[in-house]
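Student: make a model of this:
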Amino acid sequence: MRYENDRPIYLQVIEDISRRLIQGELALGEKLPSVREMAVQYQINPNTASRVYKEMESRGLCYTKRGMGTFITEDSGMIKMLQSEMAEDCLDTFLQGMQAIGIGLDEMIQLLRERYAKEEL
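Tutor: Alright, predicted model coming up:
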């Protein structure tokens, strides 16, 4: 994984795990790697990996069973909410970019329809 310099690494790792969860690469209730395994997997400091789990737990995305490890939440509603939040973030970025180049709502909708039609082929 490549990290962007302008954002904390732990947030970028959380976003990657969240994306994998939404796309079904990680299942509800699935056991996550240990802090050390995650540090190796993401090539990060173990303290950063620990921070990832603490932040995810505070957001309700995972839980820890003492002596057993850390697991993805089993709450499908939480995953749906995460998906909605990520969609909102994508839309914010998209809208800011379009407005910055002077594209209005009608033109945006037309461009989206055309692009979506191409993607379906």
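Student: any idea how the protein splits into domains?
Tutor: 9-74, 77-120 (automatic domain parsing).
Student: just name the most buried of those.
Tutor: domain 9-74 (a mean of 15; mean count of other C-beta atoms under 10 Å). C-beta: built from backbone N, CA, C; applies to glycine.
Student: distance between stretch 42-57 and the chain's centre?
Tutor: 14 Å (C-alpha atoms, centre = their mean, to the nearest Å).
Student: what lies in contact with that stretch?
Tutor: 1, 9-11, 13-14, 16-17, 32, 35-36, 38-39, 62-64, 70 (C-beta atoms under 8 Å, 6 or more residues apart in numbering).
Student: pLDDT (mean, whole number) over that stretch?
Tutor: Mean per-residue pLDDT for stretch 42-57: 98.
Student: then that stretch to CSV, C-alphas only?
Tutor: C-alpha atoms of stretch 42-57 as CSV (Å, rounded to 0.1, in the frame of the first residue of the first chain):
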residue,chain,number,x,y,z
TYR,A,42,0.9,-2.8,6.1
GLN,A,43,4.6,-2.1,6.6
ILE,A,44,3.8,0.2,9.6
ASN,A,45,5.0,0.6,13.2
PRO,A,46,3.2,-1.7,15.7
ASN,A,47,2.1,1.4,17.6
THR,A,48,0.4,2.7,14.5
ALA,A,49,-1.3,-0.7,14.0
SER,A,50,-2.5,-0.6,17.6
ARG,A,51,-3.9,2.9,17.0
VAL,A,52,-5.8,1.5,14.0
TYR,A,53,-7.5,-1.0,16.1
LYS,A,54,-8.3,1.4,18.9
GLU,A,55,-9.8,3.9,16.4
MET,A,56,-11.8,1.2,14.6
GLU,A,57,-13.1,-0.1,17.9
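Student: longest helix in the chain, by residue count?
Tutor: Counting residues, the longest helix found in the chain (DSSP state H) is helix 76-100.
Student: name the helices or strands packed onto that one?
Tutor: helix 9-22 (3 or more C-beta pairs under 8 Å, 6 or more residues apart in numbering; DSSP states H and E).
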